[in-house]
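Visitor: attaching a predicted model along with its sequence, questions to come.
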2 protein chains.
Amino acid sequence: MKLYHYIHSDSSRRVRMYLAEKGIEVPGESVDISRGESHTPTFTVKNPLGQVPVLELDDGSYLAESIAICRYFEELHPQPLLFGRDPKERAEIEMWSRRVELNFAQPVKRLYRVRYHSGGALSAAAQDAIEAMEQSDLRATARFFDQTLAQRDFLAGADYSIADIMALCTYDMAVRMLRIPLEPDLDDLRRWYEAVSSRPSARA
Amino acid sequence: MKLYHYIHSDSSRRVRMYLAEKGIEVPGESVDISRGESHTPTFTVKNPLGQVPVLELDDGSYLAESIAICRYFEELHPQPLLFGRDPKERAEIEMWSRRVELNFAQPVKRLYRVRYHSGGALSAAAQDAIEAMEQSDLRATARFFDQTLAQRDFLAGADYSIADIMALCTYDMAVRMLRIPLEPDLDDLRRWYEAVSSRPSARA
């Protein structure tokens, strides 16, 4: 197996963090998105969407999409469980992962795209309007997560899960890379952030 | 158990179609989004995000997010399998489901929101710019799916799966409800659309 990934890709980081939490070692190969390496003909054979991460399997086939890759490893190496231990817990972790993906990660990805990759297709006013809309969505989700984390240690329940990995990668992209300030009163979200950031996997 | 859903919600339709394919009957209760019923205090106890579908479990807890609900039923009633039969197939169906969600369903949901629910926050020019960007993303994905469907009967492989359910719900929302014309040469996508639309579950 081989993992194609990029150091500054938050989707790649999800997989690296997941593998670190599980203690799984997979040979990696860097694909420098910033130099267009994910859109070369050799790479788009692996993933026609030109995105990392991609996992090359031993049978020569390719698996794209960060969470699909993590789920695959979860079946091969179940312990420690990061997608839940029974049907109800697995469904709840899926619910929280989707909330992170759709209401937290997606606004940040669109902000990034509109700021750096709109290719001049948007006027400054349109860009500002989208920026305001996405920031508003992001802040609403941050507040929802803060309220949730007032009642428990991790996003999907008492245990650390894939939902926390996804949320941490997005939090860092939003706050550290895109410099979007979150509101100062989100104490429970910050307490969670300190806890998940201090795990060794966060350095992945 | 009870399923809270709405007839015109494409996320609700995913669950209804899934249940129809599995032959599972679940008592339902309509939540009329258009009349604000998903944002009442009684409903936001069930799902703080004010979205349908929501599944009420027998222990009184609630499960939101269409695909989390379907996954829960998949564990209780595995046959016929709609999330795959082995680790690799399950990972591939997850990959395709995510491609549908992020690159096909999300642009359509944003188009809907910008057209009907931007609350006057966007200028006409900003609205046009977003509309053009989302339509362009949607068309690119439709073409990618068309190329994929030239090589096999269903999106994620030889068998019908949850990825097809998700894609059909989005296709109908885009083409039939929002009247976004897809390009005329997508013959394989249309062949797939005719096939999945003619299954009894499509009436759900």
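Guide: On my side now, so go ahead. What you see is a predicted model, and the numbers here were worked out from it, not measured in a lab. Numbering: from 1, shown residues only, chains lettered A, B, ... in the order given.

Visitor: output the below-cut-off pLDDT ranges for chain A.
Guide: Counting by pLDDT under 70, chain A contains low-confidence ranges at A:119.

Visitor: so which bits of it are right by chain B?
Guide: Within chain A, the positions lying close to chain B (Cβ under 8 Å from any Cβ of the partner chain) are A:48-49, A:57, A:61, A:63-65, A:67-69, A:71-72, A:75-76, A:87-88, A:90-92, A:94-95, A:98-99, A:101-103, A:106, A:118, A:121-123, A:125-126, A:129-130, A:132-133, A:144, A:147. For glycine as for every other residue, the C-beta is placed from the backbone atoms N, C-alpha and C.

Visitor: element containing the nearest residue to residue A:94 once chain neighbours are set aside, please.
Guide: Distance criterion Cβ to Cβ, 6 or more residues apart in numbering or on different chains; nearest residue to residue A:94, sequence neighbours excluded, is residue B:68 at 4.0 Å. According to DSSP states H and E, residue B:68 maps onto helix B:66-76.

Visitor: buried residues in that helix?
Guide: For helix B:66-76, the neighbour count (16 or more other Cβ atoms under 10 Å in any protein chain shown) marks B:66, B:67, B:68, B:69, B:70, B:71, B:72, B:73, B:74 as buried.

Visitor: packing partners of that helix?
Guide: helix A:87-100, helix B:10-22, helix B:162-172 (3 or more Cβ pairs under 8 Å, 6 or more residues apart in numbering or on different chains; DSSP states H and E).

Visitor: coming back round to it: buried subset of the residues of chain A next to chain B as a PyMOL selection?
Guide: Command for PyMOL that selects the buried part of the residues of chain A next to chain B, burial taken from 16+ other Cβ under 10 Å:
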select buried, chain A and resi 49+63+64+65+67+68+69+71+72+88+90+91+92+94+95+98+99+101+102+103+106+122+126+129+130+133+144
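
Visitor: what about the helices in chain A?
Guide: A:10-22, A:41-46, A:66-76, A:87-100, A:106-116, A:124-149, A:162-172, A:187-197 (DSSP state H).

Visitor: report the angle between the first one and helix A:187-197.
Guide: Here helix A:10-22 runs at an angle of 70 degrees relative to helix A:187-197 (axes from the mean of the first three to the mean of the last three Cα atoms, to 10 degrees).

Visitor: ok, back up a step: which two among the buried residues of helix B:66-76 are spaced furthest apart?
Guide: B:66 and B:74 (12.6 Å; Cβ to Cβ).

Visitor: the residue positioned nearest the centre of chain A and residue A:184, how far apart?
Guide: Geometric centre of chain A, nearest residue: residue A:166, 3.8 Å, by Cα atoms, centre = their mean. According to Cβ to Cβ, to the nearest Å, residue A:166 stands 24 Å off from residue A:184.

Visitor: same thing with residue A:6?
Guide: With distances taken as Cβ to Cβ, residue A:6 is found 32 Å from residue A:184.

Visitor: how far off centre is the helix holding residue B:68?
Guide: 14 Å (Cα atoms, centre = their mean, to the nearest Å).

Visitor: just stretch A:196-204 next, same as before
Guide: Centre-to-centre, stretch A:196-204 and its host chain are 14 Å apart (Cα atoms, centre = their mean).

Visitor: tell me which residues are up against that stretch.
Guide: Stretch A:196-204 is contacted from outside by A:13, A:16-21, A:154, A:160, A:164-165, A:167-168, using Cβ atoms under 8 Å, 6 or more residues apart in numbering or on different chains.

Visitor: start to end distance for it?
Guide: In stretch A:196-204, first residue to last residue: 12 Å (Cα to Cα, to the nearest Å).

Visitor: what does stretch A:34-48 give?
Guide: With Cα to Cα as the measure, stretch A:34-48 spans 17 Å from end to end.

Visitor: how about it: buried residues?
Guide: Across stretch A:34-48, burial judged by 16+ other Cβ under 10 Å covers A:37, A:38, A:43, A:46, A:47.

Visitor: just how off-centre is it within its chain?
Guide: With Cα atoms, centre = their mean, you get 20 Å for stretch A:34-48.

Visitor: what sits against the nearest residue in space to residue A:180 that is not next to it in sequence?
Guide: Nearest non-adjacent residue to residue A:180, counting by Cβ to Cβ, 6+ apart: residue A:174, 4.8 Å away. Residue A:174 makes contacts with A:108, A:111, A:138, A:180, A:182, as judged by Cβ under 8 Å, 6+ apart.

Visitor: mind putting those residues in CSV, neighbour count included?
Guide: Below are those laid out as CSV (neighbours: other Cβ atoms under 10 Å in any protein chain shown):
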residue, neighbour count
A:108, 25
A:111, 21
A:138, 24
A:180, 18
A:182, 18
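
Visitor: which of these sit farthest apart?
Guide: Farthest pair in those, by Cβ to Cβ: A:111 and A:182, 13.3 Å.

Visitor: roughly how far apart are residue A:2 and residue A:46?
Guide: For residue A:2, the distance to residue A:46 - Cβ to Cβ - is 10 Å.

Visitor: same question for residue A:186.
Guide: Between residue A:186 and residue A:46 the computed distance is 39 Å (Cβ to Cβ).

Visitor: what's the answer for residue A:122, then?
Guide: The span separating residue A:122 from residue A:46 equals 30 Å under the rule Cβ to Cβ.

Visitor: was I right about the residue nearest to the centre of chain A contacting residue A:102?
Guide: No: assessed by Cβ atoms under 8 Å, residue A:166 is found out of contact with residue A:102, at 10.8 Å.

Visitor: skip the chain neighbours and tell me the closest residue to residue A:157.
Guide: Nearest residue to residue A:157, sequence neighbours excluded (Cβ to Cβ, 6+ apart): residue A:92, at 6.4 Å.
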